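quick one, structure for this:
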Amino acid sequence: MSAPGSGTQTVTIARLGAQGHGIAHGEDGPIYVPFALPGETVSIARVGAQGTVMSTATTSPDRVAPVCRHFGPDSDACGGCSLQHLADAPYQAFKRQLVVDALKSKGLTPEVKDLVTAAPGERRRVVFSARMTEKGLLLGFNRGESHQLFSVVECPITTAGIVGRLDVIRRAAGELAQGTDVFRLTVLETRTGLDLSAEGLKALTDAQRRRATETVLALKGVVRLSVNGEILIEKEKPLLDFGSVPVSPPPGGFTQATRQAEDAMAAIVIGHLGKAKRVADLFAGSGTFALRIAAKARVHAVESDAKAIAALDHAARHAQGLKPVSIERRDLYRRPMMAQELKVFDAVVFDPPRAGAEVQMSELVRSGVKKIVAVSCNPLTLARDLAILIAGGYRITSVTPVDQFLWNPHVEAVALLEK
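Numbering: from 1, shown residues only. This next block holds a predicted model:
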């Protein structure tokens, strides 16, 4: 055997790490081995704490054949999925355990329910990278552990409405390409068609604008094209349904990655609010939860993004049968809602970015609001925020992990609290 830290070694995988990589216990610390599963004995080429599988002596019974041609340890494989080779039951247990472990790290041991599962073909929002090459437009994702692009041919996590229109998406993106510079293209499948939003481009020339507009006009299934937040052409408003309310999200704006996960989280939120008559929705976005809540209660929606809160306001004003919805544009990191402002509400819902909402927590504690729903895409910051609430006199009634990022280690969670 080579000296620890380099060379070829034979190791046994003990567990999966937080990123979905197999972890073996080396003489000098953990060794991270992508695409290896617990119980497998593998020969690896090791560099430092990283190992690459060379051959497998013992195969896990939990190993399954991946469903995508782009998945695997090859250098030209996609870096998006890390767990396609793991069977459903242990995969779902792994994702639930990520939430359990994050909570335990802060001394929290609430009931954590089974994972709300995701299925192939549900992902309605995808961010591609694109650049022009000598052979034409390259549209795809980054290869594993690199910034090199590969051309995507299939993507089993993504809706058929997106995958089936890859050629159409390439045609639209090709009119925007500038030299060999890489840019991002967010594709959102809406009820009315595809919403394309490009970011990272320099100012378009008049000729580019004209060509892009004419191309999209001729393309079926694309309703809007935007560049750096500016709408170039909108043949029809892209629409999402938040409950019974149609909403046209801003170009490239945040939306939940799958409709199925959004519906599941919203049902948990609504169920916990019960008969609450006044609810504050913090980090409200374009109204994912606020507009559903407004079917039964008055809502005050707070969001820092001007275009998102404007979309929410427009949708609320034009919807029928909602309770009053008030909006406030406010950066809750710089200026959290104070306890005195929160005291008038029966319940508070918050769904912050990955950084969590630590600054807001102390004011929530002081407010004494009876019910709180915490929605998070980062179990670690969720655990930190919940620990503050628990120390302030709240109790967690349940935590539900929700999968909408199939076959990768990201997981959502919805935590319900009462005073």
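
all contacts plus neighbour counts: C-alpha atoms, from now on.
Fine.

in the protein, which strand has the most residues?
Across the chain, the strand with the greatest residue count (assigned by DSSP state E) is strand 6-16.

that strand packs against which elements?
Judged by 3 or more C-alpha pairs under 8 Å, 6 or more residues apart in numbering; DSSP states H and E, strand 6-16 is in contact with strand 22-26, strand 41-47.

first-to-last residue distance for stretch 388-399?
For stretch 388-399, the first-to-last residue distance is 16 Å (C-alpha to C-alpha, to the nearest Å).

ugh, wrong one, I meant stretch 31-45
Across stretch 31-45, first to last residue, C-alpha to C-alpha, it's 11 Å.

please enumerate the strands of the stretch 101-250 of the chain.
Using DSSP state E, counting those that start in this stretch, the strands assigned to the stretch 101-250 of the chain run over residues 125-133, 136-142, 149-151, 183-189, 194-199, 222-227, 230-234, 240-242, 245-247.

chain center to the third one: distance?
If I follow you right, that is strand 149-151. Distance of strand 149-151 from the chain centroid (C-alpha atoms, centre = their mean, to the nearest Å) equals 21 Å.

who touches the residue nearest the centre of the chain in this structure?
Central residue of the chain (C-alpha atoms, centre = their mean): Ala257, 5.6 Å from the mean position. If a contact means C-alpha atoms under 8 Å, 6 or more residues apart in numbering, then Ala257 has 123-126, 404-405 as its contacts.

return the most buried member of the helices and strands packed on strand 6-16.
The highest mean neighbour count among the helices and strands packed on strand 6-16, using mean count of other C-alpha atoms under 10 Å, belongs to strand 22-26: a mean of 21.

quick one: list the elements packing against it.
If you count contacts as 3+ C-alpha pairs under 8 Å, 6+ apart, strand 22-26 packs onto strand 6-16, strand 29-33.

that older thread, including distance to Gly392 and mean pLDDT, could the helices and strands packed on strand 6-16 go into JSON lines?
Shown next, in JSON lines, are those (distance: least, C-alpha to C-alpha, whole Å; pLDDT from 0 to 100):
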{"stretch": "strand 22-26", "distance to Gly392": "37", "mean pLDDT": "95"}
{"stretch": "strand 41-47", "distance to Gly392": "46", "mean pLDDT": "95"}
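
contacting residues for the residue nearest to the residue nearest to the centre of the chain when sequence neighbours are not counted?
Counting by C-alpha to C-alpha, 6 or more residues apart in numbering, Arg125 is the residue found nearest to Ala257 once chain neighbours are left out, at 5.3 Å. Contact analysis of Arg125 by C-alpha under 8 Å, 6+ apart lists 158, 186-189, 255-258.

can you pick the most crowded of these?
In terms of neighbours by other C-alpha atoms under 10 Å, the contacts of Arg125 top out with Leu188 at 28 neighbours.

how close does it get to Gln256?
Separation of Leu188 from Gln256 (C-alpha to C-alpha) stands at 10 Å.

and Leu194, what does it touch?
For Leu194, the residues meeting the contact criterion (C-alpha under 8 Å, 6+ apart) are 162, 187-188, 221-224, 238.

repeat that for Arg69.
Glu154 are the contacts of Arg69 under C-alpha under 8 Å, 6+ apart.

again, 6 Å this time
Neighbouring residues of Arg69 by C-alpha atoms under 6 Å, 6 or more residues apart in numbering: there are none.

you'd agree it is in a helix?
No - counting by DSSP: H, G, I helix; E, B strand; the rest coil, Arg69 is located in no helix; its state is coil.

returning to what we had before: out of the strands of the stretch 101-250 of the chain, nearest to Ala207?
For Ala207, the closest of those is strand 230-234, at 12.6 Å, according to C-alpha to C-alpha.

pass me the low-pLDDT residue ranges in this protein, would you?
Residue ranges of the chain with pLDDT under 70: 1-5, 75-76.

if we go to 80?
Along the chain, the model assigns pLDDT under 80 to residues 1-6, 74-76, 144-146.

hey, where'd the helices end up in it?
Listed from the start of the chain, the chain has helices (DSSP state H) covering 88-104, 160-163, 166-174, 206-218, 259-273, 290-293, 306-318, 339-342, 358-367, 379-391.

restrict stretch 276-296 to CA atoms and write it as CSV.
Extracted as CSV, the C-alpha positions of stretch 276-296 are listed here (Å, rounded to 0.1, in the frame of the first residue of the first chain):
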residue,chain,number,x,y,z
ALA,A,276,-55.3,32.0,12.0
LYS,A,277,-56.9,35.2,10.8
ARG,A,278,-53.8,37.3,10.3
VAL,A,279,-50.6,35.9,8.9
ALA,A,280,-47.2,37.4,8.1
ASP,A,281,-45.3,35.8,5.2
LEU,A,282,-41.6,36.8,5.4
PHE,A,283,-39.3,36.3,2.4
ALA,A,284,-42.6,35.9,0.4
GLY,A,285,-41.1,36.0,-3.1
SER,A,286,-43.9,36.1,-5.7
GLY,A,287,-46.5,34.7,-3.4
THR,A,288,-45.9,30.9,-3.3
PHE,A,289,-47.4,30.7,0.2
ALA,A,290,-49.0,34.1,0.7
LEU,A,291,-51.5,33.8,-2.1
ARG,A,292,-52.6,30.3,-0.9
ILE,A,293,-52.9,31.5,2.7
ALA,A,294,-55.0,34.5,1.5
ALA,A,295,-57.8,32.1,0.6
LYS,A,296,-58.5,31.8,4.4
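
chain center to that stretch, what's the gap?
With C-alpha atoms, centre = their mean, you get 20 Å for stretch 276-296.

contact partners of it?
Contacts for stretch 276-296 (C-alpha under 6 Å, 6+ apart): 242-243, 297-303, 308-309, 311-312, 322-323, 345-352.
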